[in-house]
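S.K.: Structure, please.
(one chain, ligands or ions: 2)
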Amino acid sequence: MLPTKENIQTVGKALREGMLAGIPTETVYGLAADALNGKAVSEIFKAKGRPMDNPLIVHISDFFQIERFSLVREIPKAVYALAEKFWPGPLTIIMPKGSAIPDEVSAGLDTVAIRFPSHPVTKAVITAADRPLAAPSANTSGSPSPTTAGHVYHDMQGKIPYILDGGICEVGVESTVVTLCTDVPTLLRPGGITPLQLESVLGKIQISDAVLHKLKDGEKAESPGMKYKHYAPRANLILVKAEDEKYRDFVNSKADNTVGALCYDEDEKFLNVRTFVFGAKNDYSSQANRLFDALREIDETDIQTVYGRCPDTEGMALAVYNRLIRSAGFEVIELA
Ligand code: TXA
Ligand code: MG
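M.R.: Ligands and ions are numbered 1, 2, ... in the order given. Got it, this is the predicted structure:
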């Protein structure tokens, strides 16, 4: 439904009463519940089919809600500077968990993830609920995150009573996650706020191994979400690291009607296979904005093998690379 004032009040009340709702944010759509109600939160895990050991992000619409609702044990000093610069916006900060956070939210960890989103509808819903909202991305666990209300409906129909339609998400990939609970602040998930932007406030940060590499068997994930297979289309997706012409020749050499290409705008007219475009080569924001929709588009077809362009790892492109490499199960062909 449309996010009219009346509908936002209806959803706010339903959330307060322990129900779930699909809501837009500037990054991806979220599946929200009252973050202080463990039973409501456990329904999120059921609706998504999410492993219970993967903690959720708590969303606020006002900085003072952190203290008012006892969300954290203490606010690390760096939070103020980060908030000043990047909140409201696509940044999630991990802090020491407060007494009000149910175990369902933190998955038993001693820390909690907090985000203050900028989307006016998200803020209005949190304010209407008068509660912090726990909200993972509103997809079935393992699928690409939803960037339209239609994506949420596709995954959640029959499972949740409300979906607010706020149009297409501007950023298109999930928020940057940084933890302040390690000796040196550590980037756990790249997103709309880049490592350089974080370093402008925090000084040198670490980048968790799991951002760029596959975790080895038995290796512990600093961010539990990083250990799961994620964002994968049904088709076999293989990334191809190559210059423009080499990529195009390679894909065309494989051309038949079971083969597709997950490519940049600029590639499309050179390719003889079905194409799924995810933005322009040098416009990383457009790639983030288009990526999940392009991955979902692959699932609408019978294509069996998709050769994807291997994104850069600079700035915003790191977020795109991090998602795509998981979609491809870390399978990369490098053409010299
Ligand atoms: O943009 C976003 O962040 C979206 C929108 C809805 O706000 N939400 C989102 O939530 O992407 P989700 O649940 O799909 O991803 C949360 C990530 C997971 O990788 C999870 O493991 C990590 O954050 N996380 C949550 N709490 C954590 C904690 N205490 N320590 C380490 N990682 C944590
Ligand atoms: Mg998710």
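S.K.: which one is the residue in the stretch 101-250 of the chain that ligand 2 sits nearest to nearest to, not counting chain neighbours?
M.R.: The nearest approach of the stretch 101-250 of the chain to ligand 2 comes at residue 137, 3.4 Å away (C-beta to the ion). (C-beta placed from N, C-alpha, C; glycine too.) Excluding the flanking residues, the one nearest residue 137 by C-beta to C-beta, 6 or more residues apart in numbering is residue 145, at 3.8 Å.
S.K.: Show me the shaky parts of this protein.
M.R.: The chain contains residues with pLDDT under 70 at 226-229.
S.K.: Let's see that with 90 instead.
M.R.: Scanning the chain for pLDDT under 90 picks out the ranges 213-232, 336.
S.K.: domains for it, by residue range?
M.R.: Domain ranges of the chain: 5-177, 236-334, per automatic domain parsing.
S.K.: Could you tell me which residues of the chain lie near ligand 1?
M.R.: 25, 27-28, 30, 54-57, 92, 94, 106, 109, 111-113, 115, 117, 135-137, 174-175, 177, 188-189, 223-225 (C-beta under 6 Å from any ligand atom).
S.K.: which bits of the chain sit near ligand 2?
M.R.: 136, 137 (C-beta under 5 Å from the ion).
S.K.: For ligand 1, what's the nearest residue on the chain?
M.R.: Residue of the chain nearest ligand 1, by C-beta to the nearest ligand atom: residue 225 (2.0 Å).
S.K.: So that residue: helix, strand or coil?
M.R.: Assigned with DSSP: H, G, I helix; E, B strand; the rest coil, residue 225 falls in the helix class.
S.K.: how close does it get to residue 239?
M.R.: 21 Å (C-beta to C-beta, to the nearest Å).
S.K.: ok, now residue 281?
M.R.: 15 Å.
S.K.: cool, residue 221 as well?
M.R.: Residue 221 is 22 Å from residue 239, by C-beta to C-beta.
S.K.: circling back: next up, phi/psi of the residue of the stretch 101-250 of the chain closest to ligand 2, please.
M.R.: Dihedral angles of residue 137 (phi, psi; degrees, to the nearest 10) stand at phi -60, psi 150.
S.K.: Many thanks, we can stop here.
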